[in-house]
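Colleague: output the structure for:
(one chain, ligands or ions: 1)
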Amino acid sequence: MDLSLQSFVSITLAMVAIVMGRLLFSWWIMPNLAYKKLKANGFSGPKPSFPFGNLSDMKKEKKSEDSSPSSSIISHDIHSAAFPFFARWQKSHKKVFIYWLGTEPFLYIADPEFLKKMTADVRGKSWGKPTVFKNDREPMFGNGLVMVEGEDWVRHRHVITPAFSPANLKAMSSLMVESATSMLDRWSILVNSGKPEIDVEKEIISTAGEIIAKTSFGMSYEYGRKVFDKLREMQITLFKSNRYIGVPFSNVLNPKQTLKAKKLGKEIDALLLSIITARSKSSKRHQPQQDLLGLLLAENTVDGRLGKRALTSSELVDECKTFFFGGHETTALAVTWTLLLLAQHREWQNQLREEIREVIGNGEIDATTVAGLKKMGWVMNEVLRLYPPAPNVQRQARHDIKVDDLVIPNGTNVWIDVVSMHHDQNHWGQNANEFKPERFKDDNLYGGCNHKMGFLPFGFGGRMCVGRNLTSMEYKIMLTLILTRFSFSLSPNYCHSPSIMLSLRPMQGLPVIFEPL
Ligand code: HEM
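Modeller: Numbering: from 1, shown residues only. I've put the predicted structure just below:
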């Protein structure tokens, strides 16, 4: 071998060794060090295997659950349907244990008291989000509020919170009424033409998508509709693929989808940037637009008040995507699950109609009037308890956290099982799995749960959902409009299969039979 070939081979071998060493370090040594520290606290958990961790078990169990013959029986005791593996592991490892997503260990928590002790002294800016999810959901959230951390999170939250103030939300109610009314007009045409059965899940998700696009970046704008269509396409592309979160090179398993999502991501960013640039120019001459982007732009530039804290154009792009992905499906699923429960409990349809008559009568449906619908608020809370659209909350520790005499080490991934806590009879009583909106009558915040961390539909602490008031308004507007136009019952074709696809959704849709009032 001549000298230059020899040195080429040695350099190549050295580079391969460095790459292999780095991979070994990040996929084997680091996770195992983290695992050892966590395990030193005495936590147990299911046995993982490299490189899938416990994912194979999780996927297998989900499949067998989906094809269960009992899936047509309607039970609200859904934990073992939504998370069969967690329900099974809880039997051997109780409510706090370690499991693995690929090469990443996670601390699983379904015990509100443990959660309270662990989170009491950690401020919003001191929480991180698990790196595996940040990577996986990068095309959806980028550096938007859901994923940013530390001082950046404080800066983003500062600019964004005022956009969701009651006064600003009020201005959005007419957009909601408009979109929901055109959905119901479509339903009326179907019902009147002898097709009273409608799969409401798809309908409501697409209407909520339209509403969030209008309220986020203004669909009436030149590029608004295009952004909306591409955002939906990206969502389908990302979640159609069989995903192996935490497994090395998992993106390579679906190269086509990964490339398509990347391409769509770039196109969406470019379109949103053109909207932002056009708006920034015109807002100097006109009143700010009353959608979230318009409000953020105004907040960003008021007399230079925010100075260095202002969001950059690319951060604003990520926030628009965050509102779309974080805000429409969750809200739509809250309405969808409500239609299931109200179809089963027609006495509650009547009670809500009665309340609408008393509170709104023939008046206008808007932010102020729907705010007076108290019973509807109990129903919303009870639905979010039984069928939480965000079925888990994830965090990553950014420093060591003490829980009594245990230490949860810096870097620990945390997975909080909201579905389990919302159905726990130890905290909600014997009727935990029954639909009883009246439990929120005298305890609007906690529904009589005996633990303050037992009801977390919108998360907790400083990082609690920023869009919860927008959701409450949209939910009440949609439901009021539906209840005043139709009564409804469940179709015999409905198959009860609550499943997790990022959100908690009815896997086989929700066919409902409508009768005009
Ligand atoms: C039923 C509807 C909704 C549910 C169940 C829901 C649930 C959640 C949950 C569980 C979190 C995580 C909180 C935590 O980590 O403790 C969250 C955060 C967030 N949500 Fe929502 N959400 C809903 C609607 C919305 C809407 C309508 C928007 C915006 C238009 C929105 C925007 C966000 C944002 C930006 C965050 C991140 C907050 C932060 O980290 O500071 N959400 N939401």
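
Colleague: so where's the chain uncertain?
Modeller: The model of the chain has pLDDT under 70 over residues 1, 3, 61-72, 220-222, 240-242, 283-289, 301-308.

Colleague: give me the most central residue, it.
Modeller: Closest to where the C-alpha atoms of the chain average out (C-alpha atoms, centre = their mean) is A390, at 4.5 Å.

Colleague: how close does that one sit to the ligand?
Modeller: Distance of A390 to the ligand, given as C-beta to the nearest ligand atom, to the nearest Å: 4 Å. Quick note: C-beta positions are derived from backbone N, CA and C, even for glycine.

Colleague: so which helix or strand takes in the residue nearest to that residue when sequence neighbours are not counted?
Modeller: Distances taken as C-beta to C-beta, 6 or more residues apart in numbering place T330 nearest to A390, at 5.9 Å, with adjacent residues excluded. T330 is part of helix 313-344 when elements are defined by DSSP states H and E.

Colleague: buried sites along that helix?
Modeller: For helix 313-344, burial by neighbour count (16 or more other C-beta atoms under 10 Å) applies to 315-343.

Colleague: helix or strand right after it?
Modeller: By DSSP H and E, the next helix or strand past helix 313-344 is helix 346-359.

Colleague: distance from the helix or strand following that following helix to the middle of the chain?
Modeller: Using DSSP H and E, the helix or strand that follows helix 346-359 in sequence is helix 367-371. Mean C-alpha position of helix 367-371 versus that of the full chain (C-alpha atoms, centre = their mean, to the nearest Å) differs by 25 Å.

Colleague: helices or strands up against helix 367-371?
Modeller: Here helix 367-371 touches helix 166-170, helix 468-485, going by 3 or more C-beta pairs under 8 Å, 6 or more residues apart in numbering; DSSP states H and E.

Colleague: can you name the next helix or strand after that helix?
Modeller: Next along from helix 367-371, by DSSP H and E: helix 374-386.

Colleague: may I have the very next helix or strand once past that next one as CSV, with CA atoms only?
Modeller: Of the helices and strands lying after helix 374-386 in sequence (DSSP H and E), the nearest is strand 392-397. Below are the C-alpha coordinates for strand 392-397, written out as CSV (Å, rounded to 0.1, in the frame of the first residue of the first chain):
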residue,chain,number,x,y,z
ASN,A,392,-50.3,13.0,28.8
VAL,A,393,-47.9,15.8,29.7
GLN,A,394,-44.1,15.5,29.1
ARG,A,395,-41.3,17.3,30.7
GLN,A,396,-37.5,17.0,31.1
ALA,A,397,-35.7,17.9,34.4
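
Colleague: does the ligand have contacts with stretch 473-487?
Modeller: No - Stretch 473-487 lies out of reach of the ligand by C-beta under 6 Å from any ligand atom, never closer than 7.1 Å.

Colleague: in that stretch, what's buried?
Modeller: Within stretch 473-487, the residues that count as buried by 16+ other C-beta under 10 Å are 473-483, 485-487.

Colleague: repeat that for stretch 140-152.
Modeller: For stretch 140-152, burial by neighbour count (16+ other C-beta under 10 Å) applies to 140-149.

Colleague: likewise for stretch 261-277?
Modeller: 261, 264-265, 268-269, 271-272, 275-276.
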